[in-house]
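K.L.:
turn this into a model:
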Amino acid sequence: MKKLILFFAVVFSLQAAEPINLPFIFQRPLSYGTVPISAKWSPDDAKLAFLWNEKGERFRDVYVKDIEASGIQRITSFGTNNSLSPTDQIRNLVWSPDGKSLVFEFQNNIYQSGIRRDDKPAIWIPSASRPVFSPNGKYIIYEKNSDFWIQEITSGKLTNLTGASSAENTLINHPFFSKTPRFQWSSDDKSIASLETKGKNAPCMVIRQIETNQVRVVDVRFPIDAQSIIRDFQWAPDNQFLAVDEIAADRSKRFLLRFDTRRGIADTLYREIAPKNIGTFGGKIFWIEGGLSLLFGSSINGYGHLYTIKVESRIVSALTRGQFDVIDYSAENRNQKIFYTSDEVATETHIFSIDPATDKSEKLTFRNGVHSFTPSNSGEKIAEVFSSFQQVPELYWSNALPNSKMIAITQSTSPKMEDYRMKLPLTKSVRNPQTGRLIYYHLWLPEKNLVSSKYPVILNVSEETRSHKIRNAWSINGLVNQCLCDQKFIVAEMTVRLIDADSIQYSISDMKTVLNEISTYDFADVNRAGILGTHFGGYDVAVTMFATPELFKAGVAITALPEWQEDFPASKPEILPFLFDHIDTEKVPERLNSYPDLTGHLLFAQGNMSSIEALLPTATLTQKMTEAQKRLDFIFYPWKDQYLEPDETTIDLYQKVYEYFRRYLR
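P.N.:
Below is the predicted model:
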């Protein structure tokens, strides 16, 4: 009898669950929560600060987790202010060196807050931003009135670093590398180094002796050219040498240098010449083994991997090898442990640690999905945001040991999640018979799979990069795919490399391969296929619709950057060469010139500006297509900028996307 009651309870539960809809996906507060970000360990590794919203709203407040205690503590309550704009965000969250308070930037002011329950955040430095403490906590550096200032914390003494923001020829000022620090403190708090320009000519190294207020401007005889790009620079443990990562302006060459700050001499440790362009991976360098070696990344062999170089002997050794990419890496901890994430396990991202002395690599994570990492200061603990198809992104911490238990910190989902039916996609792979490339894609199939129905197919495409591939991860894009699938479409999500491929036909060949594989289902009708893409995927849609008009009957190109897709910056013209390893900014727009061949139905959707105007100039293209008497549909939201965010406008947009496909694929 108990089994029968249980059976009816399960059946009733399944029947009660509703298909997800667009309000569920895009209406705040989000039932699946807000992703926690900016995790920062306290100096003693006992506490973890992070930004989050426990109710699923847009604004993220500051929270603190005591590792040894239960529960979490909210430090700020700015999110309760309903008048905040989407641009109002807490930024640059840092611990004070004594671990007793937190400092952060909000609304162009630097705030400070204690971490006890009765402490309230208050403005510490008004009209200032970018707070950075010196290693021993004696000074803080910040930006105010377009100048940088050093303040001695105990006395309040100020020093103006005039000219410190003039490094116009370094990648530090480039928006794609906005996280690169503008300054580097020596570990003893006595010196600060910055790369600046001298009359807008060759870069020079500026060394400031803080206690004596002496400034030494040392010309660096860089081996490449006057307009070289400096990606990173780091003090050695002895506070005499600086490691410098330099790239030629045309990205054809790369040098790792050791700069002697006392003698003003730069020695070349490593030289890399790329057949096409130096890749964007590997832009971080770390001193390891007490300053005897450097850790760096490179994609010279086609995959992003980690390497070390002995400073004195110049011997280079590979730490990672194989047909996979390292996604992120760090050696910023007192014990000099090296951590990295990679896609060595297909469709997943895992955390590894590696011993540079033995080259032995250990896989630390065991749950299937996507892991990120923030190592503690000692290197003995890890904070990570983990997600999978069945797990929304949550913050965890664990010991930095293989198969260590992941202890949950956040709980983002609301009880409303139980009212909706989540559908797991199939993870499929197929090899392109022409190129030999193994293609991974996610597939959502309608529940009944009736042969008599012959469901149309939609490809949801996005641009592939090393950090953005098909993953076993929770995503809003996946919810959109499920929503379309519930409307009796077969939906496949895949990544393509249209921009940097030698021929666009290779990537279109991948699409054909996936469609051909889907056609093996007797209930699939690939003759009624559509294609959907946002941001770079919108460019992919337009080019594919023009280049192969017989492949898709309808396409929707959304020229906006999803707010939830944070790994892609907006594509300003000057940033494009740095986005991909082999981009040709002149030939890429020319691929749109085949628009007269369009035979299907194409819809452009954007706000008052496009996130990919340099790639897909919709206004100009629309005029040309109209003059060529080509059918083109356009949705314009003049009150929106170049970002998509969960709100009523996005609900309206995706409702129109569904109606467009229903009209032209049914």
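K.L.:
what separates Met625 from Ile192, distance-wise?
P.N.:
Here the distance between Met625 and Ile192 works out to 55 Å (CB to CB, to the nearest Å). Just so you know, the C-beta spots here come from the backbone N, C-alpha and C atoms, and that holds for glycine as well.
K.L.:
these two: who's more crowded?
P.N.:
Counted by other CB atoms under 10 Å, Met625 and Ile192 do not tie: Ile192 has more neighbours, with 24 against 20.
K.L.:
which strands or helices does the host helix or strand of that one pack on?
P.N.:
When secondary structure is defined by DSSP states H and E, Ile192 falls within strand 191-197. Other elements packing on strand 191-197 under the criterion 3 or more CB pairs under 8 Å, 6 or more residues apart in numbering; DSSP states H and E are strand 184-185, strand 203-209, strand 229-235.
K.L.:
would you single out the least confident of those strands?
P.N.:
Lowest mean pLDDT of these: strand 203-209, a mean of 76.
K.L.:
which ones are touching the nearest residue to Ser252 once chain neighbours are set aside?
P.N.:
The spatially closest residue to Ser252, leaving aside those adjacent along the chain, is Ala274, at 6.1 Å (CB to CB, 6 or more residues apart in numbering). With CB atoms under 8 Å, 6 or more residues apart in numbering as the criterion, the residues that contact Ala274 are 251-254, 300.
K.L.:
please tell me how far Ala274 sits from Leu438.
P.N.:
Applying CB to CB, one obtains 25 Å for the distance of Ala274 from Leu438.
K.L.:
coming back round to it: deepest of the helices and strands packed on strand 191-197, which one?
P.N.:
Using mean count of other CB atoms under 10 Å, the stretch among those with the largest mean neighbour count is strand 229-235, at a mean of 21.
K.L.:
for that strand, what is the distance to the chain centroid?
P.N.:
21 Å (CA atoms, centre = their mean, to the nearest Å).
K.L.:
and it, C-alpha only, in PDB?
P.N.:
Presented in PDB, the C-alpha positions along strand 229-235 are these (Å, rounded to 0.1, in the frame of the first residue of the first chain):
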ATOM      1  CA  ILE A 229      52.400  46.000 -25.900                       C
ATOM      2  CA  ILE A 230      53.200  45.200 -22.200                       C
ATOM      3  CA  ARG A 231      50.700  42.600 -21.000                       C
ATOM      4  CA  ASP A 232      52.000  42.000 -17.500                       C
ATOM      5  CA  PHE A 233      54.900  42.700 -15.200                       C
ATOM      6  CA  GLN A 234      55.700  41.200 -11.700                       C
ATOM      7  CA  TRP A 235      58.200  41.900  -9.000                       C
END
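K.L.:
show me what that strand is packed up against.
P.N.:
Counting contacts by 3+ CB pairs under 8 Å, 6+ apart, strand 229-235 is packed against strand 184-185, strand 191-197, strand 241-247, strand 286-288.
K.L.:
give me the sheet partners of the first one and which way each runs.
P.N.:
Taking DSSP bridges as the criterion, strand 184-185 sits next to strand 191-197 (antiparallel) in its sheet.
K.L.:
let me see the mean pLDDT of the partner strand.
P.N.:
If you average the pLDDT over strand 191-197, you get 77.
K.L.:
tell me which element the closest residue to Asn432 other than its chain neighbours falls in.
P.N.:
When the adjacent residues along the chain are set aside, Asn432 lies closest to Thr513, with 4.7 Å between them (CB to CB, 6+ apart). Here Thr513 is covered by helix 504-518, with elements defined by DSSP H and E.
K.L.:
that helix: which residues count as buried?
P.N.:
Along helix 504-518, the positions that meet the burial threshold by neighbour count (16 or more other CB atoms under 10 Å) are 504, 506-515, 517-518.
K.L.:
what sits up against that helix?
P.N.:
If you take CB under 8 Å, 6+ apart as the criterion, helix 504-518 is touched by 428, 430-435, 437, 439, 441, 443, 457, 459, 461, 490, 492, 494, 496-498, 501, 524, 526, 529, 531, 540, 543-544, 547-548, 551, 591.
K.L.:
in which helix or strand does Leu256 reside?
P.N.:
Residue-wise, Leu256 maps onto strand 253-260 under DSSP H and E.
K.L.:
which stretches of the protein have low pLDDT?
P.N.:
Applying pLDDT under 70 to the chain flags the ranges 1-16, 162-181, 196-204, 217-227, 466-467, 498-503, 565-587.
K.L.:
and the helices in it?
P.N.:
Taking DSSP state H as the test, the helices found in the chain are 2-16, 22-26, 476-486, 504-518, 536-547, 587-590, 618-627, 648-665.
K.L.:
what is the last one packed up against?
P.N.:
So that's helix 648-665. Counting by 3+ CB pairs under 8 Å, 6+ apart, the packing neighbours recorded for helix 648-665 are helix 22-26, strand 455-463, helix 476-486, strand 524-534, strand 554-558, strand 601-607, strand 633-637.
K.L.:
at 6 Å instead, please
P.N.:
The criterion is 3 or more CB pairs under 6 Å, 6 or more residues apart in numbering; DSSP states H and E, and the helices and strands that helix 648-665 contacts are helix 22-26, strand 524-534, strand 554-558, strand 601-607.
K.L.:
can you say which of those is nearest to Ile140?
P.N.:
When those are compared for distance to Ile140 using CB to CB, the nearest one is strand 601-607, at 38.4 Å.
K.L.:
what lies in contact with the closest one?
P.N.:
Outside of strand 601-607, the residues within contact range by CB atoms under 6 Å, 6 or more residues apart in numbering are 545, 554-560, 618, 632-635, 637, 640-641, 653, 660, 664.
K.L.:
so how far is it off the chain centroid?
P.N.:
Here the centre of mass of C-alpha atoms in strand 601-607, compared against the chain's by CA atoms, centre = their mean, lies 25 Å away.
K.L.:
for stretch 23-32, same thing?
P.N.:
A distance of 22 Å separates the C-alpha centroid of stretch 23-32 from that of its chain, computed with CA atoms, centre = their mean.
K.L.:
can you list the buried residues in it?
P.N.:
The neighbour-count check on stretch 23-32 (16+ other CB under 10 Å) flags 24-27, 29-32 as buried.
K.L.:
for the residues you listed, work out which two are farthest apart.
P.N.:
The most widely separated members of the buried residues of stretch 23-32, counting by CB to CB, are Ile25 and Pro29 (12.7 Å).
K.L.:
now the terminal residues of stretch 374-384, how far apart.
P.N.:
6 Å (CA to CA, to the nearest Å).
K.L.:
name the residues that touch that stretch?
P.N.:
Residues beyond stretch 374-384 that count as contacts (CB under 6 Å, 6+ apart) turn out to be 39, 41, 45, 48, 330, 333-335, 337, 339, 371-373, 396-400.
K.L.:
what's the ChimeraX syntax to select whichever of the residues you listed are buried?
P.N.:
With 16+ other CB under 10 Å as the criterion, this ChimeraX line picks the buried residues out of these:
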select :39,41,45,48,330,333,337,339,371,372,373,396,397,398,400
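K.L.:
of the contacts of stretch 374-384, which belong to strands?
P.N.:
Members of the contacts of stretch 374-384 lying in strands (criterion: DSSP state E): 39, 41, 48, 330, 339, 371, 396-399.
K.L.:
in TSV: these, plus distance to Asp245.
P.N.:
Compiled in TSV, these are given as follows (distance: CB to CB, whole Å):
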residue	distance to Asp245
Ala39	26
Trp41	26
Leu48	30
Ser330	15
Phe339	20
His371	26
Tyr396	32
Trp397	31
Ser398	31
Asn399	32
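K.L.:
which of the contacts of Ala274 sits closest to Gln209?
P.N.:
Of all the contacts of Ala274, the one with the least separation from Gln209 (CB to CB) is Arg254, at 30.9 Å.
K.L.:
which residue packs closest to Val62, ignoring adjacent ones?
P.N.:
Counting by CB to CB, 6+ apart, the residue nearest Val62 is Ile75, at 4.1 Å.
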